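Student: Here you go, sequence then predicted model.
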Amino acid sequence: MKIVAAAVQLKPQGCVEANLRHAEALLLETAEAGAQLVVLPENFAHYGQTDFLAAGRSESDPEGPVRQFLAQQAKLHGFWLVGGTIPVAESKPRSFARSYVVNPQGETVAHYDKIHLFDVDVTANSGGNKSAYRESDDFSAGHKVITVPTDLAVLGLTVCYDLRFAELYQKLTQAGAQIITVPSAFTAVTGKAHWQVLLRARAIENQLFVIGANMVDREHKKRGLWGGSAIVDPWGNVLASLDDKPGVAVAEIDLALIEEHRAKMPVAQHRTL
């Protein structure tokens, strides 16, 4: 009932090849720490690129470069890997922000397409400067709620902005999720205010584990990224976390705590609305 999980926190390196080298080094670190389940951040490989449709077309095949990277890393280290997100183009004119789950044999067993797209205006500082984010310009929204049975636990898949929508997490819980993964690229402004409190809220209200793996680059002048990757237990305790530097957060997850907390406080049974 106990597994070792890790959240990987990455800083954008400027190109896909450099991003993958950065990820490779930290994935090795998680393996050396004994991780059995590893979560990468949202858009970890292509962050900073502008043509997500071209990237999505290159990743539409299982032999796509980043998909191959995920398969190779999972097989090399023998862990379950939630591969952040990758742009993947299918029949639509825009890519999906897709989160793949890869088993220790390097086989892709499931994927989730991000449902809630980040179309917001963020006030960047006290001077009132705003940054406009329009994720729907580059991506199509998914619509399926996805849980993944593994030999470790049942995973529930979400991505970044999904974290603000409690009903998605409730549906994942009702579908049997024990651990919900949140690959993210939370902005520095929204992350400072809301990131950890939302991770803890989703864990507490659903009485399960939440793993948030975030990109980090707080000092970027235009598009700051918060970091703060964390693993949270069903009581809302932060088992492991990072601040504003790349690295890995590693923690032991005791799945028995889920039923223990639910037996003492049967929130699901008490729900009336």
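Tutor: Received it, and whenever you're ready, just let me know what you need.

Student: Now do the SS call for Phe69.
Tutor: Using DSSP: H, G, I helix; E, B strand; the rest coil, the structure places Phe69 in helix.

Student: so how far is Thr108 from it?
Tutor: 12 Å (C-beta to C-beta, to the nearest Å). Yep, even glycine has a C-beta here, placed from its N, CA and C like the rest.

Student: which of those two has more neighbours?
Tutor: Taking other C-beta atoms under 10 Å, Phe69 and Thr108 do not tie; Phe69 has more neighbours (19 against 16).

Student: what's across from Asn251 in the sheet?
Tutor: Quick fix: residue 251 reads Ala, not Asn. Ala5 (DSSP bridges).

Student: go on, Ala132?
Tutor: Taking DSSP bridges as the rule, Ala132 bridges to Asp121.

Student: Give the burial count for it, as a bare number.
Tutor: Ala132, neighbours per other C-beta under 10 Å, totals 8.

Student: Surely it and Asp121 touch.
Tutor: Yes. Ala132 lies in contact with Asp121 (C-beta atoms under 8 Å); the separation is 5.3 Å.

Student: count of residues packed around the closest residue to Val182 other than its chain neighbours?
Tutor: Distances taken as C-beta to C-beta, 6 or more residues apart in numbering put Gly212 closest to Val182, at 4.3 Å, once the chain neighbours are dropped. Per other C-beta under 10 Å, the neighbour tally for Gly212 reads 32.

Student: Kindly report the same for the one 4 residues further on.
Tutor: By the other C-beta under 10 Å criterion, the neighbourhood of Val216 contains 27 residues.

Student: Could you do Trp226 as well?
Tutor: Using other C-beta under 10 Å: Trp226 sits among 25 other residues.

Student: bridging residues for it?
Tutor: Applying DSSP bridges, one finds that Trp226 bridges with Val216.

Student: Okay, helices next: where are they in the protein?
Tutor: 16-32, 52-58, 65-77, 166-174, 188-190, 196-206, 256-264, 267-270 (DSSP state H).

Student: okay, the first one in PDB with CA atoms only?
Tutor: This file holds the C-alpha atoms of helix 16-32, laid out as PDB (Å, rounded to 0.1, in the frame of the first residue of the first chain):
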ATOM      1  CA  VAL A  16      13.200  21.100 -27.100                       C
ATOM      2  CA  GLU A  17      16.600  19.300 -27.100                       C
ATOM      3  CA  ALA A  18      17.800  21.300 -24.000                       C
ATOM      4  CA  ASN A  19      14.500  20.800 -22.200                       C
ATOM      5  CA  LEU A  20      14.800  17.000 -22.700                       C
ATOM      6  CA  ARG A  21      18.400  17.000 -21.400                       C
ATOM      7  CA  HIS A  22      17.200  18.900 -18.400                       C
ATOM      8  CA  ALA A  23      14.300  16.500 -17.800                       C
ATOM      9  CA  GLU A  24      16.600  13.500 -18.400                       C
ATOM     10  CA  ALA A  25      18.900  14.600 -15.600                       C
ATOM     11  CA  LEU A  26      16.100  15.100 -13.100                       C
ATOM     12  CA  LEU A  27      14.400  11.800 -14.100                       C
ATOM     13  CA  LEU A  28      17.700  10.000 -13.200                       C
ATOM     14  CA  GLU A  29      17.600  11.800  -9.800                       C
ATOM     15  CA  THR A  30      14.000  10.500  -9.200                       C
ATOM     16  CA  ALA A  31      15.100   7.000 -10.100                       C
ATOM     17  CA  GLU A  32      18.100   7.100  -7.700                       C
END
